[in-house]
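Q: below is the sequence, then the predicted model.
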Amino acid sequence: NWFFYRREFSGADANALPRGDLVIAYDALQKHSLDSIADIFAAIRERGVEMVLLTTNPNRKNPLKGRHWKYSRMDFHAAPFNLKAPIHAFSEGFSLNASHPTMPKRVELIPLPAESLTSAIDAIREEI
C-alpha cells in the first residue's frame, strides 16, 4: 500500500509521523536545528522506518554546536549524523549551475537500521 503524508515534522509534531517503510525528506532536514533533527530521527526510529530518501550535500560542513542556520547544507554521512552509505544516489539535474552554493547536492536512498539512528541521535544530542 502506498500513501503520501505531507506535514512538518519537528519538535512535538515529530510524534505525529505515521508508520511506514520510507520517509522522503527532500530539502526538509536542512531547515531544522540539530535538536529538531534529533527529534525527527527519534520519531523515525520509533515508527520502524527502514529507509529515508533525503537531500545531502557531500563534504559540506555541518552546523556547529549551538548554531542554527536558516538553511544548512548538511552532509548526513559526516559527524554528528554519520548515517550509512546510500543504497543509491541521485545527483543529476538538481542544479543547472555547477557553481551554485548547494553543489554538490544529492538525493540519496539511505538504509536506517535502528542502531545507526540511535548512534546519530546520541551524537547529535552531545553536539547540542
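A: Looks like it arrived, so ask away. Residues are numbered from 1 along each chain as shown.

Q: number of nearby residues for residue 88?
A: Using other CB atoms under 10 Å, residue 88 has 9 other residues around it. (Each C-beta comes from the backbone N, C-alpha and C, glycine too.)

Q: what number of residues lie near the nearest residue to residue 57 once chain neighbours are set aside?
A: Excluding the flanking residues, the one nearest residue 57 by CB to CB, 6 or more residues apart in numbering is residue 73, at 4.0 Å. As a burial measure, residue 73 scores 20 neighbours (other CB under 10 Å).

Q: ok, residue 115 next?
A: Residue 115 is flanked by 9 other residues according to other CB under 10 Å.

Q: and residue 114, by the same measure?
A: Residue 114 has 13 neighbouring residues, counting by other CB under 10 Å.

Q: cool, and residue 46?
A: Residue 46: 14 neighbours (other CB under 10 Å).

Q: equivalent analysis for the one 4 residues further on, please.
A: Each residue near residue 50 was counted by other CB under 10 Å, and the total is 13.

Q: ok, now the one 10 residues further on?
A: Here the count is done by other CB under 10 Å, and residue 60 has 17 residues near it.

Q: chain neighbours aside, what residue packs nearest to residue 87?
A: With sequence-adjacent residues excluded and distances taken as CB to CB, 6+ apart, residue 87 is closest to residue 109, at 4.8 Å.

Q: next up, phi/psi of the one you found, please.
A: Residue 109 adopts backbone torsions of phi -100, psi 110, taken as degrees, to the nearest 10.

Q: I appreciate the help and will end here.
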